[in-house]
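[1] what's the 3D shape of this:
(2 chains)
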Amino acid sequence: SQTIHQWPATLVQPVGSPLSLECTVEGTSNPNLYWYRQAAGRGLQLLFYSVGIGQISSEVPQNLSASRPQDRQFILSSKKLLLSDSGFYLCAWSAGTVTSNYGYTFGSGTRLTVV
Amino acid sequence: AQSVAQPEDQVNVAEGNPLTVKCTYSVSGNPYLFWYVQYPNRGLQFLLKYITGDNLVKGSYGFEAEFNKSQTSFHLKKPSALVSDSALYFCAVRLSLSNDYKLSFGAGTTVTVRA
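    Numbering: from 1, shown residues only, chains lettered A, B, ... in the order given. Below you'll find the predicted structure:
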């Protein structure tokens, strides 16, 4: 069966420090991968998505970047965190086929607090 | 473009009463529709989906949803709510033939079930 791992679960970082959040998927190949941010426990903002290795699409200009160095690995990074980067970050995957119809499977999330 | 609206920020019901969480969508084509639930500091969990076929879809934890094409709605329902159903609920939509499989999420509805 497919599983998605996201870590760390919580993170407290000072302003100006770098960030690296990692997400890996097991049990599937060539998944579509997504990074979302959820502010104040409400709406989901799509940050990045990837349909293949090295293919990254950015939805919102910001202080963050994403990379996909391996088929089932998706990394969210920042060189210098801002206070406004605080939030709950969620990774998700979906099957990368035209006939896929099962929506997303989400990771357990990372609570980032920038101080 | 695709979008989802959840017109109610909050829904409050007494335990044992029926629960309805509203969702309307807008897509230029055939939609795939989903409901997710989120408990505090957790990732989103899949509840149910509509892909094609019967307009009444049954999902996890006794939830069901009815696809209404003429009203472009996909309301989530549960005949008898439990206190443990208190959570944040998200409706999502994507085009059936999109090649990036991006889901558009509603802003979420907080459900509170009182004992």
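[2] so which residue is dead centre in chain A?
    With distances taken as C-alpha atoms, centre = their mean, the residue of chain A nearest its centroid is A:Trp35 (2.9 Å).
[3] surely that residue is within a strand?
    Yes - counting by DSSP: H, G, I helix; E, B strand; the rest coil, A:Trp35 falls inside a strand.
[4] so the closest residue to chain B within chain A versus A:Asn63, what's the distance?
    Per C-beta to the nearest C-beta, the residue of chain A with the smallest distance to chain B is A:Phe106, at 3.8 Å. For every residue, glycine as well, the C-beta is placed using N, CA and C. Separation of A:Phe106 from A:Asn63 (C-beta to C-beta, to the nearest Å): 23 Å.
[5] compare the two (neighbour count), which wins?
    Shown here are A:Phe106 and A:Asn63; by other C-beta atoms under 10 Å in any protein chain shown, A:Phe106 has more neighbours (22 against 12).
[6] which residues sit in contact with the more buried one?
    When contacts are counted by C-beta atoms under 8 Å, 6 or more residues apart in numbering or on different chains, A:Phe106 touches A:Ile4, A:Leu90, A:Cys91, A:Ala92, B:Tyr36, B:Gly43, B:Leu44, B:Gln45.
[7] pick out the lowest-pLDDT one from those residues.
    Looking at the contacts of A:Phe106 by pLDDT, the weakest one is B:Gly43, with 88.
[8] contacts only, for it.
    A:Gln6, A:Leu90, A:Phe106, A:Gly107, A:Ser108, A:Gly109.
[9] got a markdown table for those, with distance to B:Ala115 and secondary structure too?
    Shown next, in a markdown table, are the contacts of B:Gly43 (distance: C-beta to C-beta, whole Å; DSSP: H, G, I helix; E, B strand; the rest coil):
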| residue | distance to B:Ala115 | secondary structure |
| --- | --- | --- |
| A:Gln6 | 33 | strand |
| A:Leu90 | 30 | strand |
| A:Phe106 | 29 | strand |
| A:Gly107 | 32 | coil |
| A:Ser108 | 28 | coil |
| A:Gly109 | 28 | coil |
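[10] most surrounded residue in those?
    In the contacts of B:Gly43, the most neighbours by other C-beta under 10 Å go to A:Gly107, 27 neighbours.
[11] wait, doesn't that residue sit right on A:Ala9?
    No - taking C-beta atoms under 8 Å as the definition, A:Gly107 is not a contact partner of A:Ala9, at 9.9 Å.
[12] near chain A, which residues of chain B show up?
    Chain B comes close to chain A at residues B:32, B:34, B:36, B:40-46, B:49, B:51, B:88, B:90, B:92, B:94, B:96-97, B:99-103, B:105-108, as judged by C-beta under 8 Å from any C-beta of the partner chain.
[13] what subset of those residues is buried?
    Buried by 16 or more other C-beta atoms under 10 Å in any protein chain shown: B:32, B:34, B:36, B:42-44, B:46, B:49, B:88, B:90, B:92, B:94, B:101-103, B:105-106, B:108, out of the residues of chain B next to chain A.
[14] what helix or strand is residue 77 located in?
    You didn't say which chain, so I picked chain A. Using DSSP states H and E, A:Ser77 sits within strand A:73-78.
[15] try again with chain B
    B:Lys77 belongs to strand B:73-78, assigned by DSSP H and E.
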